[in-house]
Each structure stands twice: as C-alpha cells, then as structure tokens.
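> Give me the fold of what follows.
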Amino acid sequence: MLANILVVGSGGREHALSWKLSQSSKVETVFTSPGNGGTENNVPIDVTNLDELADFAQKNNCFTVVGPEVPLAAGIVDKFNKLNLKIFGPSQMAAQLESSKIWAKNFMKRNDIPTARFEIFDDAQKAEDYVNSLEYNVVVKADGLAAGKGVIVCNSNNEAISAIQTILVKKTFGDAGNRIIVEERLDGIEASYIALSDGEIAIPMASSQDHKRIFDNDDGPNTGGMGAYSPTPVIDDVLAEKIQKKIIDKTIRSMKNEGIVFKGFLYAGIMIRDNEPYVLEYNVRMGDPECQPIVMRMDFDLYDYFVASVEGKLSSMPLPSWKNQYAVCVVLASDGYPESYVKGEEISGFDSISNQAYVFHAGTKKIDGKIVSDGGRVLGVTALGESLEIAINNVYDATEKITWAHKYCRKDIGKKGLAYF
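Predicted coordinates for the structure are as follows:
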C-alpha cells in the first residue's frame, strides 16, 4: 500500500523535502501544511496547531515529516506518538538541543563535547561586567528560538554590551532573550554537518556550507541563511571522521545515556579552528537553505530512511549514495530583509529555468494563478554542476531569469569553496 505523507512547514526546506519525497515509488500523495506558492496539496493548518495537524494525519493515514523547529519544540512528536501516528523528528526533550541554547551548552559541557567557553546571564549589568573582564571577543546568544537571528557576533566590548542590551534589556527577541549566553568567539571556518539518527546510530548526510549574513563577504546581520552549497571542501574525510566521532556519535550516545532517544536530523553548526571542530550550535532538523542543495544531490529514496529512523532500523540500511555533482542554492530575498520589506509583489520568470536548476519556494503564495512574494526569504534557486564553479555559474544564470520589483540576493554564494581548488 502506498504511503501518504504530511510535511509540516512552509519554507524552502519543506518544499525541498516534499519534492524529494514525492519521487518515492512508495509514496502516493505528499501534503504540505501550510505550504507555500510552490508546494502542491497544501493544507491550511498552522505549524503550531498540533491538534489539527494530528487530526489531519489520522484522517488521511499520513506519515508525518516535521520541517521547522517551532512544532518540534512544542512537542508535536510526543503528541503524535501518543496517538500511534508515525512521525519523523525528535521528541520535545530531544529538541532542547535547539530550543534552549543554554540547555545545549550545559549538555556539551557535561559530556565533554568540544565547544566554546561560556557563561550564562539573566542580569545585564553582570553580563557587561563579565565582558569587560575578558581579553577576547565574544558572541552573545539569546537562549530560546529566534528564527536564526538570536546570535550576535561581536568585534569589541562595546558591540558586546550593545548586544546584551538588545537581547536582555530591549527584549528584541521577546522571551527567547530572558537569558543569554556570552561565549568566546571562535574564529575559523564555519560549516554545516547534518546526520540522520534513529536514537542508536547516526548516518552522515552530504556536507554543506551555509552563508548566514545578509551581504557579500559575510557582512551585515545574521539571517535565516542566504545560500548554501554541497559538498564543501572545507570538510575533508579526516575532518568528517573527527566530527562524526567527537560530536555526532557522542551527542547521540550522551543523549541516550541521559534517557533521551534522539530520532531525526541532528545538525551541528561547526567552527573549524586549527583543523579541530567545535560546536557553535545544534539544530534538530534539516538546515534551510542547506536542505535544498543536499536534497538535489540525493541518489536514494529519502522516505526509506525516514521510516528506518522512526523504526530504529538505520543500521540495516546501506549508506546513502550521492550524485557526483555539486549543488548550489542562492536565496532570493525581499530587499530590506532581515528587517522591513515589501510583500505581495508578482514574481515572473519561472518558465525560463533550465533542467539544471530547480526553484524551491519559501516566502511565496499563489493568488489567482500568480506567484507573489510573501516573506523575507522568498525563493531558493538551486542548481547542479560537474564542478563547484559550473554549479555556481548555473545557479546565477537561473537567478537572473527570476524577477520581481524588490528582489535581492548575495552574489558570492559558494565562492568560499572555490578557494580550496
């Protein structure tokens, strides 16, 4: 019997997952809730409405795949499990690795997982006094979920004090900033390492590198991600083995030792310094935009691996195989993001995209058959190429064909990787 799937979320990651899962010979219909202008079979249920999502999954006999962090942190997996509904993703306890940066840092400290030195504060004056006592620069982080924007990298004590004021006093991120972490700023090369776990083992996905900041050359504030490419030469085989053993395997094992079974995607944001990996942060879901190039390179049935993760049977699965090509995703955003921007502008040019590229929708919606902008990060144009340089050329050729009034994108996605060749 063919499976129905419910993908929860509305971003580029969810479009990419829906696209890949719909290619499985074992899948009949993929629903996306709430979806966007590019996804099919959209279900108008918000990701926070767990009761309605469960009701829909039950009535339509769905295997559910959760894309974003908010429903995971709210306990959607626990709710579905109680109803005997099959769902891919970590439990609410396991999701603390992302939903509370303080919980995650303390977890890493007690389990000897490499990460930066840190202190925790809920008092701005004490945090400022601490910063003024240090001889190194810091990163200031809001404890809770802040849509990828709750991390402020500081170049001076003045910037750190401003960040403390922004999060703890001005409450820019609301209750997510009731407590903060002040941690040593690790300078090096950043990369994303994502693995798939069933609670016992973790299988690595293809490596990737995200581009967090809004402007070229990594200038400006952090965003949800302005582009990514896969694989990244930043992570060679030796480094991959270090990350797998010292961080990924150790995290899954330590969680289990603490009575928490971690099933789903485990994402480690890694800083590489002197060829040693350190955890900057955990995510408990596939990255966005890393998902788009990773999914484009998958040469296996993703549904099979999701089922194996849920059933605790990943050890019986072969290692995933990957297309011997590079993939690059460039995020087309609304000009003004990550702050204020215009919505509702008609987007054109989809018909002129070649077979080498695919457009994953994020902040879009369909009105009267037309696609209009409906968010900050609007589209994730993703292209393959026999080399990283060819993939970069292919993706930027495609981005030129997509137009709307206030379109913005970085022009240097993937350029960091070229330096390694």
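> What are the boundaries of the helices in this protein?
All helices of the chain, identified by DSSP state H, fall at 12-21, 50-59, 69-73, 76-82, 96-99, 101-110, 124-132, 157-164, 237-243, 250-257, 291-297, 302-311, 388-401, 415-418.
> closest to residue 263 out of those?
helix 302-311 (5.4 Å; CB to CB). (Glycine included, C-beta is placed from N, CA and C.)
> and the angle from the closest one to helix 12-21?
Orientation check (axes from the mean of the first three to the mean of the last three CA atoms, to 10 degrees): helix 302-311 against helix 12-21 gives 110 degrees.
> check contacts around the most centrally placed residue in the chain.
The C-alpha lying nearest the average C-alpha coordinate of the chain belongs to residue 287 (CA atoms, centre = their mean; 1.8 Å). For residue 287, the contacting residues are 13, 192, 194, 208, 210, 225, 228, 267, by CB atoms under 8 Å, 6 or more residues apart in numbering.
> Give the buried residues for stretch 378-388.
Within stretch 378-388, the residues that qualify as buried are 378-385, 388, counting by 16 or more other CB atoms under 10 Å.
> closest to residue 247 among those residues?
Among those, residue 388 lies closest to residue 247 (CB to CB), at 25.1 Å.
> now the closest residue to the closest one other than its chain neighbours, which residues is it bridged with?
Using CB to CB, 6 or more residues apart in numbering and skipping residues adjacent in sequence, the residue nearest residue 388 is residue 326, 4.5 Å away. In this entry, residue 326 is beta-bridged to residue 385, by DSSP bridges.
> mind checking how far residue 326 is from residue 208?
Counting by CB to CB, to the nearest Å, the gap from residue 326 to residue 208 is 11 Å.
> And stretch 195-213, how far out from the chain middle?
Distance, stretch centre to chain centre, for stretch 195-213: 10 Å (CA atoms, centre = their mean, to the nearest Å).
> Stretch 128-147 too?
Here the centre of stretch 128-147 is set off from its chain's centre by 23 Å, with CA atoms, centre = their mean.
> Next, the distance between the ends of it.
Criterion CA to CA, to the nearest Å; first-to-last residue distance in stretch 128-147 is 25 Å.
> Quick check: mean pLDDT of it?
The pLDDT scores in stretch 128-147 average 93.
> wait, residue 250 sits on residue 115?
No: using CB atoms under 8 Å, residue 250 is not in contact with residue 115; the gap is 11.7 Å.
> out of the two, which sits in the busier spot?
Neighbour totals were compared for residue 250 and residue 115, and residue 115 leads with 23 against 16 (other CB atoms under 10 Å).
> Residue 24 contacts residue 300, doesn't it?
No: applying CB under 8 Å, one finds residue 24 not in contact with residue 300, separated by 9.9 Å.
> Which of those two has more residues huddled nearby?
Using other CB under 10 Å, the more surrounded residue of residue 24 and residue 300 is residue 24, with 18 against 15.
> tell me the pLDDT at the spatially closest residue to the more buried one that is not a sequence neighbour?
Nearest non-adjacent residue to residue 24, counting by CB to CB, 6+ apart: residue 303, 4.1 Å away. Residue 303 is assigned a predicted lDDT (pLDDT) of 98.
> same question, residue 306
Note on residue 306: pLDDT of 98.
> for residue 267, same thing?
Confidence score, pLDDT, at residue 267: 97.
> what's the spacing between it and residue 315?
Taking CB to CB, one finds residue 267 at 21 Å from residue 315.
> Between those two, which has more neighbouring residues?
When neighbours are counted by other CB under 10 Å, residue 267 comes out ahead of the other of residue 267 and residue 315, with 24 against 10.
> So the more buried one sits against residue 197, correct?
No: the criterion here is CB under 8 Å, and residue 267 misses it with residue 197 at 10.9 Å.
> what's around the closest residue to residue 16 other than its chain neighbours, how many residues?
Closest residue in space to residue 16, ignoring its immediate chain neighbours: residue 295 at 4.4 Å, by CB to CB, 6+ apart. Number of residues near residue 295 (other CB under 10 Å) recorded here: 26.
> dump the residue contacts of residue 295.
Going by CB under 8 Å, 6+ apart, residue 295 touches 16-17, 19-20, 302.
> Now list the buried members of these.
16-17, 19-20, 302.
> residues touching residue 179, list them.
Residue 179 makes contact with 102, 120-122, 143, according to CB under 8 Å, 6+ apart.
> Narrow those residues to those in strands?
Among the contacts of residue 179, the members falling in strands (DSSP state E) are 120-121.
> Now rank the contacts of residue 179 by neighbours and give me the top one.
Most neighbours among the contacts of residue 179, by other CB under 10 Å: residue 143, with 24 neighbours.
> ok, that residue touching residue 99?
No: taking contacts as CB under 8 Å, residue 143 lies outside contact range of residue 99: 9.1 Å.
> that older thread, indicate which one of the helices of the chain is closest to residue 6.
Among these, helix 50-59 sits nearest to residue 6 (CB to CB), with 5.2 Å.
> Give me the buried positions along the closest one.
Residues of helix 50-59 classed as buried: 50, 53-54, 56-57 (neighbour count, 16+ other CB under 10 Å).
> who's in contact with residue 6?
By CB under 8 Å, 6+ apart, residue 6 lies in contact with 31-33, 43, 53, 56-57, 60, 62-65.
> Any chance of a PyMOL selection covering the buried ones in these?
Burial among these is assessed by 16+ other CB under 10 Å; the matching PyMOL selection reads:
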select buried, resi 31+32+33+43+53+56+57+62+63+64+65
